[in-house]
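> only geometry, no sequence info:
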């Protein structure tokens, strides 16, 4: 949707007259760069969310192939009940967790189909025929292997779905959250969402930025976050009257979680 909006806005803009003098229509390169970066970040997030939806749909399709059907969704959790009463129930949490539980007693028509007419088969004296207690009476010795089978069957889809969730969250953090935080610390002297607090001094702002650089984990994601901070320090902080001193850089290097050395321009 964002991509279409950008294309639409570009298509509707009038092309400049070739005879116009360049001085009458100046181009702000900084503004163009900022707009391109924002657009790219938004597209990354949108496409990441679509990938999560696609991977989740693949997982649910596998569950249906295993004989499960969606029963209810509540508080970010979707419950899938098995067609076979004693098979385990599968619960999918929107945060990326998959739980397998013993299936509780349930009531369903004993004749084929689930329509309003088939529920008439559960009126007295036929009600006991609609009670499915298999999930409660099955032994752990029989249930545990079935749990393992279901977990193993859906494991590849679960891993792909979780990877999509992590990737989207990291895209949001690298593309939006961290840049916003760095800008807020340096420009306003506060953390995002804490604008009502007393602004930090310039020394405290540098310390906060350098401390964030030092505390990143020794992972590819941590390296990407450090790179963002280094760029901000080089192109914004060091280009200001309040540049980080060599002593501050040495202190940040000494405190680096990964034992790295910070060298700014």
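Arrived safely, thanks for sending. These numbers were taken from a predicted model, which means no experiment stands behind them.
> can we go C-alpha only for contacts and neighbour counts from here?
Noted.
> buried sites along stretch 197-204?
Within stretch 197-204, the residues that qualify as buried are 199, 200, 202, counting by 16 or more other C-alpha atoms under 10 Å.
> Now do the strands in this structure.
Counting by DSSP state E, the chain has strands at residues 68-74, 77-82, 89-93, 98-101, 106-107, 131-132.
> model confidence over the fourth one, on average?
Within the predicted structure, the mean pLDDT of strand 98-101 is 94.
> distance of the spatially most central residue of the chain from residue 221?
For the chain, residue 169 is the residue whose C-alpha lies nearest the centre (C-alpha atoms, centre = their mean; 3.1 Å). According to C-alpha to C-alpha, to the nearest Å, residue 169 and residue 221 sit 11 Å apart.
> Please apply the same query to residue 249.
When distances are taken as C-alpha to C-alpha, residue 249 and residue 221 turn out to be 22 Å apart.
> Check residue 191 too.
The value you get for residue 191 to residue 221, if C-alpha to C-alpha is used, is 21 Å.
> More neighbours: which of the two?
Ranked by neighbour count (other C-alpha atoms under 10 Å), residue 191 and residue 221 place residue 191 first, with 19 against 16.
> and the more buried one, what is it in contact with?
With contact set as C-alpha atoms under 8 Å, 6 or more residues apart in numbering, residue 191 has these partners: 181, 184, 185.
> Save those residues as TSV, and put in pLDDT too.
Formatted as TSV, the contacts of residue 191 follow (pLDDT from 0 to 100):
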residue	pLDDT
181	95
184	95
185	95
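> neighbours of residue 74, just the number please.
By the measure other C-alpha under 10 Å, the count of residues near residue 74 is 8.
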